[in-house]
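>>> Next comes the sequence, and after it the predicted model I'd like to discuss.
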Amino acid sequence: MTDTLNVALVGYGFVGKVFHAPLIQATPGLALHTVVSRDAGKVHGDWPRTHVTADAHAAFADPAVDLVVIASPNDSHAPLAITALGLGKHVVVDKPFTLTLREAREVVAAAAHAGRVVSVFQNRRWDADFLTVQRLIEEGAIGRVAEFHSHFDRFRPAVQDRWRERDEPGGGLWYDLGPHLLDQALQLFGVPAAITADIARLRDGARAPDYFDVTLRYPHHRVILHASTLVAGNGLRFAVHGTRGSYLKHGLDAQEDQLRAGVVPGAPGWGVDTRAGEIVTERDGRLVTEVAQAEAGDYRRYYAGIRDAILHGTAPPVTTQEALDVMRLIESGVQSSEEQRAIPLG
């Protein structure tokens, strides 16, 4: 294996085109060798030198390919990952890792048997706002955390005819945004004692869940995760309340909009948070508000970590245990919502 890893990307829809392809090409040591797609013209319009095939198995069997990235519909994640691992490829799977915890365990077992790296693309660990809130908590800027609120709200009142919004396994907002918010919470606080979830359809004509409000219970604090498609105002991203004060952050990370606009990852201004959050603390009996210094986000750090894990044997940026933990919470959240009760996690 050379110092440059050839990547086969499965799927060239929104996630493959906007996120994975540009990030792969912008990461030193990775090269977008093949795209599995039925629309060669669409791919070649962006990457004219990239090989295109409609046959995923042929891409997996290509000896020139080192790493397979799966960005296809959610129900294909596990079977494609297991096939690629069986043919000796390292694998990155877009979130959600799989549809079920059982599938996730099967993928992890296949990777162990093959002696290959498998990881899930949890890019929002490298959001500017999350890196900032992570630093503030580690520094104790607001004291011991009592409440942690994480929102990912948007205004999309019209139901669209796309697989993410269909009433089928892996569809809906919980499987779309839940993995991001859960993974961030686990990075900060570890596995909770219990989960209580309300997962619902609130838009007119919604077929798949388009709303969730989830509480993760810890011994001395609570984590509230919320996402909705009917929030036109407010724009709250994080509200963290502790024994010394609060941190409030509005607005979403810039990288998705930058990628949509065709900004090359790493270009000037890449990942810069132009809407810094505020820290509110008490001084001399009065509340004082200050702007919190914002970190810069960079999704390329995920793929740099994958490169190093394959070439140098370092731990992948998202481990298999972390992937399993998120899938356990995804399933437990569905169970909680259906049974209308808290699900203990031990």
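Alright, I've got the coordinates.

>>> any weak-confidence spans in the stretch 1-150 of the chain?
1 (pLDDT under 70).

>>> Which parts of the chain are helices?
Ranges of helices within the chain are 14, 21-25, 40-46, 56-61, 77-86, 101-114, 128-139, 173-176, 178-189, 255-260, 300-312, 320-339, based on DSSP state H.

>>> so what secondary structure elements neighbour the last one?
To tie it back to what came earlier, the one meant is helix 320-339. With contacts defined as 3 or more CB pairs under 8 Å, 6 or more residues apart in numbering; DSSP states H and E, helix 320-339 has these neighbours: helix 101-114, strand 118-121, helix 173-176, helix 178-189, strand 194-200, strand 211-217, strand 343-344. Using the backbone N, CA and C atoms, a C-beta is placed for each residue, glycine as well.

>>> What angle do helix 178-189 and it make with each other?
120 degrees (axes from the mean of the first three to the mean of the last three CA atoms, to 10 degrees).

>>> Go through helix 320-339 and flag the buried ones.
320, 322-334, 336-337 (16 or more other CB atoms under 10 Å).

>>> ok, the residue nearest the centre of the chain - contacts?
Computing the C-alpha centroid of the chain and ranking residues by CA atoms, centre = their mean puts Gln122 first, at 3.4 Å. By CB atoms under 8 Å, 6 or more residues apart in numbering, the contact list for Gln122 reads 95, 179-180, 183, 302, 317-318, 322, 326.

>>> Looking at those, which is nearest Leu225?
When these are ranked by distance to Leu225 (CB to CB), His180 comes first, at 9.4 Å.

>>> gap between the closest one and Ser337?
18 Å (CB to CB, to the nearest Å).

>>> now swap in Asp153 and tell me
Distance from Asp153 to Ser337, by CB to CB: 18 Å.

>>> In TSV, list the contacts of Gln122 along with distance to Ala78.
Shown next, in TSV, are those (distance: CB to CB, whole Å):
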residue	distance to Ala78
Lys95	13
Pro179	15
His180	19
Asp183	18
Tyr302	21
Pro317	21
Val318	16
Glu322	17
Val326	14
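
>>> Name the nearest of these relative to Gly29.
Tyr302 (13.2 Å).

>>> quick one on the thing from earlier: how about the helices of the chain, which one is nearest Gly346?
helix 320-339 (10.1 Å).

>>> List the contacts of that closest one.
95-98, 100-101, 104-105, 108, 111, 118-120, 122, 174-175, 178-179, 182-183, 186, 191, 195-200, 212, 214, 216, 342-343, 345.

>>> give me the number of residues near Ala276?
With neighbours defined by other CB atoms under 10 Å, the count for Ala276 comes to 18.

>>> measure it to Ala78 for me?
For Ala276, the distance to Ala78 (CB to CB) stands at 40 Å.

>>> returning to that earlier point: tell me which of the helices of the chain sits nearest to Arg237.
That would be helix 128-139 among the helices of the chain, by CB to CB, at 5.5 Å.

>>> Pull out the buried residues from that closest one.
128-134, 136-137.

>>> Please state the offset of it from the chain centre?
Its chain's C-alpha centre and that of helix 128-139 lie 17 Å apart, by CA atoms, centre = their mean, to the nearest Å.
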